[in-house]
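# can you look at this prediction? I've put the sequence above it.
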Amino acid sequence: MSGDSKTMPLRQGTTFGGDDAVPEIDPTSTAGLLTERLQAWKHAVGYLEDYVGAVEKVHKSHSKEYEKVLKTISHPLREGHHFDQGLGGVAGFFENMRVNTQAMVNSNTETEKTLKGTVLPILERLHKEIKAKHKEVSHGVDKSGKEIEKARNASQKHIELLGQHSASFESTGGKLNPTDDPYVLKRGVLHRLNKQIIAENNHSNDLLHVQDGFQAFEAHVVQVVQQAMEAFNQVAGGQAEKTRALYADMLGAAQRIPGDFEWQGFQGRNGHRLVNPNDPPRSVENVTFANQTHTSTKALIEGSLERKSRNKLSWGTSSAYYVVTPAKYLHEFKDDDNMQHDPKPEMSIYLPDAVIGQPSGDKFNVKGKDRGKSFSSKIAGSSELAFKAHSPADAQKWFEAISVAAGATGPAYESTPASPVVATGPDRQGSVSSKLSGADSGHKNQEAGITTGETVSSPTAMSPTVSKPQSGSTTPAAATTPAATEEKKVLG
């Protein structure tokens, strides 16, 4: 063998051309490149398989999610009787939504099954084809490469043996063994080189055949990928178009509802409970209610009067609305308006417990306690109220109505709201003296609660008197009995 170190062969080409007996070219370089390319195609198809598989899982998930969406409208509408249950209304619109959403659930389920059963098998079969091609190329190249390597080693061994004995031919004087004869060794080298070259040529032909088949094989791979994507588009893209169409149908169902469809139907179903626009507006004057005309609700007399303030420091009068009711109350109101505010009495005097003064012109007095619930009624106590009517005739009407409410059995005392004035005149004296005649006139006067024609400012301070017609003047009684506190009342 040569003493020089042997260098490793280099991968410099795809053929075994050249004049070297043993080329320094790796016979597996071309095969390695081709197998690496097949590996790249296998991985590309694997990526596509993963993509379609992920889309298939997405549609499976979408099917479950749309089931959740469907549950949100699966129950009937609350207060659904307010909507028309036929087609063309809100109820029909929601039914359309339920049907279309259920179609989306089914569409996603079908898409998932179709991708799994149609598109993925195409790619899986292609993956197997590429894998088989890769195995075929790699195994065939490895086998032929090992044969070439074996033949090269045999050729190299005889070439080195030829060189060794050719170098020793001169030193030995030509005395060699027959097997070591350089001639014989040369022929052995040629024989082995022939076998080597035949193996190398066969390997090159195999590689050429593989290379020529790669173009057709890759065209087949691309075609199958295109078929898979076409099927994928028909399934997934068709599902997307179907989803768009389902949403468009929902939109159309909503847009087809006339603006007044539901209201017209609602009016037709519930017209008896709605307000009739032809009905005239209600008024308090036309309203009737229980006990509206009961006798206890009708005033004995009512109207405006002027009253002097109970404040002694105040001068002048104020006008208000007064009512005498069958419940024997004299109520004071600010006015007779029942609409603007709640008509609560400003003052309420229970007439059977009050003292009524006989009218003097258009004026008359009433003394009593305010029974109202206001703060002023609690601190005012009993007080004498001086009223002024519009005319003496009105004052007489008020006096008579108050007397009826108070339940009087005899005539009331005569008084004036202003300063006391002594009444004169034969008519008044005769009228009073005729009612006071008799030995027990003073006692009877106390029971009747009347006085003579003499007027005083406060009914509580008055005592019975006896008039003398001959003198034309009144004379006060000599003494006041304990019944004086009751004599001013109009008895009931």
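That came through, no problem. Numbering: from 1, shown residues only.
# which residues of the stretch 251-400 of the chain fall in helices?
261-270, 375-380, 392-406 (DSSP state H, counting those that start in this stretch).
# of those, which shows the lowest average pLDDT?
Among the helices of the stretch 251-400 of the chain, helix 375-380 carries the lowest mean pLDDT, at a mean of 58.
# and Q164, how many residues sit next to it?
Residues near Q164, counting by other C-beta atoms under 10 Å, number 14. Bear in mind the C-beta positions are built from the backbone N, C-alpha and C, glycine included.
# list the buried ones in stretch 324-338?
The neighbour-count check on stretch 324-338 (16 or more other C-beta atoms under 10 Å) flags V324, T325, K328, Y329, L330, H331, E332, F333 as buried.
# next one: that stretch to chain centre, how far?
Relative to its chain's centre, stretch 324-338 lies at 53 Å (C-alpha atoms, centre = their mean, to the nearest Å).
# ok, and what's touching that stretch?
Residues outside stretch 324-338 that contact it (C-beta atoms under 8 Å, 6 or more residues apart in numbering) are 284, 295-296, 298-302, 307, 320-323, 343, 345-352, 354, 366, 368, 371, 398, 401-402, 405-407.
# could you flag which of those are buried?
300-302, 307, 320-323, 345, 347-351, 354, 366, 368, 398, 401-402, 405-406.
# hang on, the earlier thing: could I get the helices of the stretch 251-400 of the chain as JSON lines with distance to D337?
Shown next, in JSON lines, are the helices of the stretch 251-400 of the chain (distance: least, C-beta to C-beta, whole Å):
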{"stretch": "helix 261-270", "distance to D337": "38"}
{"stretch": "helix 375-380", "distance to D337": "21"}
{"stretch": "helix 392-406", "distance to D337": "21"}
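# return the most buried member of those helices.
helix 392-406 (a mean of 19; mean count of other C-beta atoms under 10 Å).
# that one packs against which elements?
Judged by 3 or more C-beta pairs under 8 Å, 6 or more residues apart in numbering; DSSP states H and E, helix 392-406 is in contact with strand 301-308, strand 317-324, strand 329-333, strand 355-358, strand 363-369, strand 382-388.
# for those, which one sits closest to V52?
The closest of the helices and strands packed on helix 392-406 to V52 is strand 329-333. By C-beta to C-beta, the value is 91.3 Å.
# what mean pLDDT does the closest one have?
92.
# please save the CA atoms from it in CSV.
Coordinates of each C-alpha in strand 329-333 appear next as CSV, following Å, rounded to 0.1, in the frame of the first residue of the first chain:
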residue,chain,number,x,y,z
TYR,A,329,-119.8,72.2,61.6
LEU,A,330,-118.9,75.6,60.4
HIS,A,331,-115.9,75.1,58.1
GLU,A,332,-113.6,77.9,56.8
PHE,A,333,-111.8,77.3,53.5
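# walk me through which strands it pairs with, and which way each runs.
Here strand 329-333 is paired, per DSSP bridges, with strand 317-324 (antiparallel), strand 347-350 (antiparallel).
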